[in-house]
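K.L.:
With the input below, show me the fold.
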Amino acid sequence: MKYQNLNLIKAGIKNYNIKTFSWHLVDVCNQACTYCNEGFGSDETRPKSTFFKDKKQTQSYEMVLRRLKIKSLGKFEVDLLGGEPTLHANLFEIIESLNLIDNCIEISLITNLKKGFSYYEKFNNKKYNKLLMCPSIHMDYYNDELLDKLIRINKLGHFKLLPIIMIHDNKKYYSKIKKLLDTLINENIEFTVSFLFDAGGYTVNYDNEFLEEMNVYADKDDNRYIFESDSGKKLALNKHSIYNNKLTNFNGWKCTPLRYKINHFGGIFNVCSNKPLPMTGQSECIECPHTSCLCDIQWKFDKEKHEKY
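P.N.:
The predicted structure follows:
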């Protein structure tokens, strides 16, 4: 590992204060990816949903929107997730309402792009101009029709597009993944790649040679995350370098975690501490209780190694 001899004592952006709300709109999905860390990959682990039969769940979005309008929250971003968020009947209303909140600076829609082009074309309106559409592309379901849909969506003008290409570890998909990535580059479609990790009973098994080939695409990611050693040396690393060098353990570090999960019942809880969002909207500094921090959003949070570590 390249940085194993450095004593890293700081990470993230100094005084970073933008909250992220990962809003799980529904607990239903219309795909069954084998590596799904939300449990949708098999009948045994798939949530037994009552969402569409329970008005408290289907209408909980109204309460959430009221809470997100609280001025004291400060600036925030929202990731709309599921399951599959396009299965929520009020998705357009939700995004339009978020778009009107001054403190909301970006709305990411994580969708499997399974609906027809005409559905996504409806977002091509200035009332959705904070929208970042992030199609999550899974090789189990990828085909030429989906690629054509991506290319057509990219030509729409009122929102941004950033496909997330899931890098499957099954060798039968390797050539298809490389062909897709090269096509996106040729079409000038910006994308990010996402490598799998062990979760939900799924064990990842990548071929090392293939991983090296994927490094070329991963290095195209412009996002960089800051680390600092006790000697004052600063590193600006991309997501792939952080994973490869196992720099995801901040256990015991002081951190102000600003990422919250909103469940389909409308509950809002801090992802790291599991504490509910205070009515004031303010986040508190904690000592990290976890041994793995796998979400790149959380690498932006201001972190400092505790003296006893």
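
K.L.:
Going along the chain from the longest helix along the chain, find the next helix or strand for me.
P.N.:
For the chain, the longest helix by residue count, based on DSSP state H, is helix 174-186. Using DSSP states H and E, the helix or strand that follows helix 174-186 in sequence is strand 192-195.

K.L.:
Can you pull out the residues in contact with the helix or strand following that following strand?
P.N.:
Helices and strands here follow DSSP H and E; after strand 192-195, the next one along the chain is helix 208-218. In this structure, residues lying in contact with helix 208-218 by Cβ atoms under 8 Å, 6 or more residues apart in numbering are 167, 171, 174, 177, 178, 181, 193, 195, 238, 239, 240. To be clear about C-beta, it is placed using only N, CA and C from the backbone, and glycine gets the same treatment.

K.L.:
Check the gap between the third one and residue 64 for me.
P.N.:
Taking Cβ to Cβ, to the nearest Å as the criterion, residue 174 is separated from residue 64 by 41 Å.

K.L.:
Which one's more surrounded, the two?
P.N.:
A count of neighbours by other Cβ atoms under 10 Å puts residue 64 above the other of residue 174 and residue 64, at 23 against 19.

K.L.:
which residues touch the residue nearest to the more buried one when sequence neighbours are not counted?
P.N.:
Among residues not flanking residue 64 along the chain, residue 266 sits closest, at 5.2 Å (Cβ to Cβ, 6 or more residues apart in numbering). Neighbouring residues of residue 266 by Cβ under 8 Å, 6+ apart: 60, 61, 63, 64.

K.L.:
Skipping its backbone neighbours, what lies nearest the third one in space?
P.N.:
Put plainly, it is residue 63. Spatial nearest neighbour of residue 63, chain neighbours left out: residue 266 (4.8 Å); criterion: Cβ to Cβ, 6+ apart.

K.L.:
From residue 91, how far out is that neighbour?
P.N.:
16 Å.

K.L.:
Which stretches in the stretch 201-309 of the chain count as helices?
P.N.:
208-218, 239-244 (DSSP state H, counting those that start in this stretch).

K.L.:
so what's residue 13 closest to, chain neighbours aside?
P.N.:
Residue 13 sits nearest to residue 300 (Cβ to Cβ, 6+ apart), 5.3 Å away.

K.L.:
Also residue 51?
P.N.:
Residue nearest to residue 51 in three dimensions, not counting chain neighbours: residue 57, with 4.9 Å by Cβ to Cβ, 6+ apart.

K.L.:
Contacts for whichever strand or helix holds that neighbour, please.
P.N.:
Applying DSSP H and E as the criterion places residue 57 in helix 55-58. With Cβ under 8 Å, 6+ apart as the test, helix 55-58 has contacts from 50, 51, 52, 89, 90, 264, 265.

K.L.:
Now the element after that helix, going C-ward?
P.N.:
For helix 55-58, the following helix or strand on the C-terminal side (DSSP H and E) is helix 60-68.

K.L.:
Pull out the buried residues from that next one.
P.N.:
Neighbour counts using 16 or more other Cβ atoms under 10 Å place 60, 61, 64, 65, 68 of helix 60-68 among the buried residues.

K.L.:
Let me see the contact set for the fourth one.
P.N.:
Meaning residue 65. Going by Cβ under 8 Å, 6+ apart, residue 65 touches 94, 97, 98.

K.L.:
low-confidence ranges in the chain?
P.N.:
Scanning the chain with the threshold set as pLDDT under 70 gives 1, 39, 41-47, 199-200, 308-309.

K.L.:
most distant residue from the middle of it?
P.N.:
What lies farthest from the middle of the chain is residue 231; by Cα atoms, centre = their mean that is 32.6 Å.

K.L.:
and residue 79, what element?
P.N.:
If you go by DSSP H and E, residue 79 is part of strand 76-81.

K.L.:
Could you check the angle that strand makes with helix 60-68?
P.N.:
170 degrees (axes from the mean of the first three to the mean of the last three Cα atoms, to 10 degrees).

K.L.:
Pairing partners for strand 76-81, with directions?
P.N.:
Strand 76-81 pairs in its sheet with strand 19-24 (parallel), strand 104-111 (parallel), by DSSP bridges.

K.L.:
re earlier: where's the residue nearest to residue 64 relative to residue 208, distance?
P.N.:
According to Cβ to Cβ, residue 266 and residue 208 sit 45 Å apart.

K.L.:
List the contacts of residue 299.
P.N.:
Counting by Cβ under 8 Å, 6+ apart, residue 299 touches 11, 12, 225, 242, 293.

K.L.:
Mind checking which of those land in strands?
P.N.:
Judged by DSSP state E, strands contain the following of those: 11, 225.

K.L.:
Nearest to residue 289, out of the strands paired with strand 76-81?
P.N.:
Residue 289 sits nearest to strand 19-24 of all the strands paired with strand 76-81, at 18.7 Å, using Cβ to Cβ.

K.L.:
Could I have the CA atoms of that closest one written out in CSV?
P.N.:
What follows is strand 19-24, C-alpha atoms only, in CSV (Å, rounded to 0.1, in the frame of the first residue of the first chain):
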residue,chain,number,x,y,z
LYS,A,19,-25.6,18.1,5.1
THR,A,20,-26.6,15.1,2.9
PHE,A,21,-30.0,13.5,3.2
SER,A,22,-30.2,10.0,1.7
TRP,A,23,-33.9,9.7,1.3
HIS,A,24,-35.2,6.1,0.8
